[in-house]
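Visitor: Provided below for reference: sequence and predicted model.
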Amino acid sequence: MENNKIIRYRKPFRPNVATVITIIIIIYVSLVAWNYFNKEQIAIYEVNETSIADDSTITGFIIRDETVISAEESGYVNFYHADQSKVGKNEVIYTIDANGSVGELLNDVKAASAASENDIAKMRSIIRDYYKNYNPAAYYQVKELHYNIENAIFEQSRDNLYSDLKKQMSEKHISDDFKKSRAKNSGIISYSIDGYENQGLNDVTEDLFKNSAAVERKQLSSSEKIDRGTPVCKLVTDENWSIVIPVSEGLYKKISDSQSLRITVKKDNISFNAGVSFHENGGARFAVLSSGRYMGRYLNDRFLDIELNLNAASGLKIPNSSLLEKDMTLVPENLATTGGDGEQTGVIKLIYGDDGSSRKEFTSLADYSLSDGKYCVDPSVLKPGDSVVNPANNEAYTLQDTISVQGVYCVNTGYCQFRKIEKIYENNEYTIISPNTKGGVSNYDHIVVNPGKINENDFVE
């Protein structure tokens, strides 16, 4: 009987082409991704022409020459001048009567006066300013709108108001048995009282500014009943006023040598110059910003947010992190001559061969800036030890000196190229440079933000 033995046939290995290609693609993509994520990334910045400024916003406390006038008797108070208007010495500024009859007569007098186009325009201006500066988080603005509208209405009939009242009383045979209060000095009147009227420079402390948002001002209205001794109004007798601001050590260094500063009031963007002096109290330093302008505009304010317009410059804006330094070869200006075309400025460089022979080659300096009588030239063009011909005596002059200059890496062509810069101004984040530096940076150039991660002449992918 035959021995039947079955031997399994092994098929030769024949890899699937599609599978192999897929594996290769996966490996390739993985290597590319690994290389990308592990490679230091180069950040690029587009240069733009702009302006930059150090504007410090700070809250200031207002000091004025102001006197609070209190009621001498109890009764109903009535006013005869609009808020923030000028009054003369001995003019009647308010009256007080026991039963409110004066207020009723005044209403008759006011009703007889019609609103003019100017009055309507002023009312519209008040409402427009309110909407322009509206802040839902600042309820005090609603109060200010209420006060300003009342004052505008009152101002419509304020001309000769006391004289018209006297005439009305005479026609109705009413005696003037009410208390009249006259201004002891000429000045600007305000009906807004905040409790800080007697604060002087020596009363200003750091704690004072902690309550700047909690200031409550009180304003009386005509025909309101008050008690004796109640503050009725205040009179400001001097156009000069001061804004006191706390000064940090850093800010003091910036403004300590200044005699005046340009400031901007944030609430309405009014700018003006103010004189500068300094005062110390309780170990804290304050700057006193004094002016003789716009006092009446902020008569009812006590704390103002202002902006100090310290430094400003215009030019090309670049990030500070993009700056680096490079040694450049100094070439005296007297070695420069003109090329064969008679237009380009350059030097005659001596090139020596291995056999000791020499030849002359014109090297252009047109792209390099001239400062203090010397050109700053890239070492790849001229380096220390190179010899150039002195056109004055036709003798060889060996270059020796170098200087460290600041610049950036420009990558417009894809390769890192060093470009010299000239600073105009800088702050903590950005630098303004001149757009007129020869061989420098231009508007819309692309520069490297992190030059420490790349070398000159490297290609940026």
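Guide: Perfect, thanks for sending it.
Visitor: how about the helices of this protein, start to end?
Guide: 17-38, 101-111, 117-132, 140-156, 161-171, 249-255 (DSSP state H).
Visitor: ok, and what's touching the shortest one?
Guide: The reference is to helix 249-255. 54, 56, 247, 261, 276, 278, 285, 287, 308, 310-311 (CB atoms under 8 Å, 6 or more residues apart in numbering). C-beta coordinates here come from the backbone N, C-alpha and C atoms, glycine included.
Visitor: run the chain-centre distance for it.
Guide: 16 Å (CA atoms, centre = their mean, to the nearest Å).
Visitor: avg pLDDT for that helix?
Guide: Mean pLDDT, computed over helix 249-255, is 88.
Visitor: so which bits of that helix are buried?
Guide: Neighbour counts over helix 249-255 (16 or more other CB atoms under 10 Å) mark 251, 254-255 as buried.
Visitor: what bridges to L350?
Guide: K360, S387 (DSSP bridges).
Visitor: count of residues packed around it?
Guide: 16 (other CB atoms under 10 Å).
Visitor: list the buried residues of stretch 74-93.
Guide: 75-84, 87, 92-93.
Visitor: and for the residue nearest the centre of the chain, nearest residue in space, chain neighbours not counted?
Guide: For the chain, D55 is the residue whose C-alpha lies nearest the centre (CA atoms, centre = their mean; 3.2 Å). Distance criterion CB to CB, 6 or more residues apart in numbering; nearest residue to D55, sequence neighbours excluded, is E307 at 5.0 Å.
Visitor: these two touch, right, that neighbour and K266?
Guide: Yes. Applying CB atoms under 8 Å, one finds E307 in contact with K266, separated by 6.0 Å.
Visitor: overlap in contacts of the two?
Guide: Joint contacts of E307 and K266 (CB under 8 Å, 6+ apart) are T57.
Visitor: need the pLDDT of the nearest residue to N48 once chain neighbours are set aside.
Guide: Once flanking residues are discounted, N48 sits nearest to K317: 5.8 Å by CB to CB, 6+ apart. pLDDT for K317: 93.
Visitor: how about the contacts made by K317?
Guide: Neighbours of K317 in contact, by CB under 8 Å, 6+ apart: 47-50, 52, 430-432.
Visitor: give me the beta-bridge partners of it?
Guide: Beta-bridge partners, per DSSP bridges, of K317: N48, I432.
Visitor: mind checking how far the residue nearest to V381 when sequence neighbours are not counted is from S387?
Guide: Leaving aside its chain neighbours, V381 sits nearest to T363 (6.3 Å; criterion: CB to CB, 6+ apart). For T363, the distance to S387 (CB to CB, to the nearest Å) stands at 12 Å.
Visitor: what residues are shared contacts of those two?
Guide: K349.
Visitor: dump the residue contacts of V247.
Guide: V247 neighbours (CB under 8 Å, 6+ apart): 255, 278, 285-287.
Visitor: what about it, distance to G60?
Guide: In terms of CB to CB, V247 sits 11 Å off from G60.
Visitor: how about N185?
Guide: 26 Å.
Visitor: looking at these two, which one has more neighbours?
Guide: Per other CB under 10 Å, whichever of N185 and G60 has more neighbours is G60, with 26 against 12.
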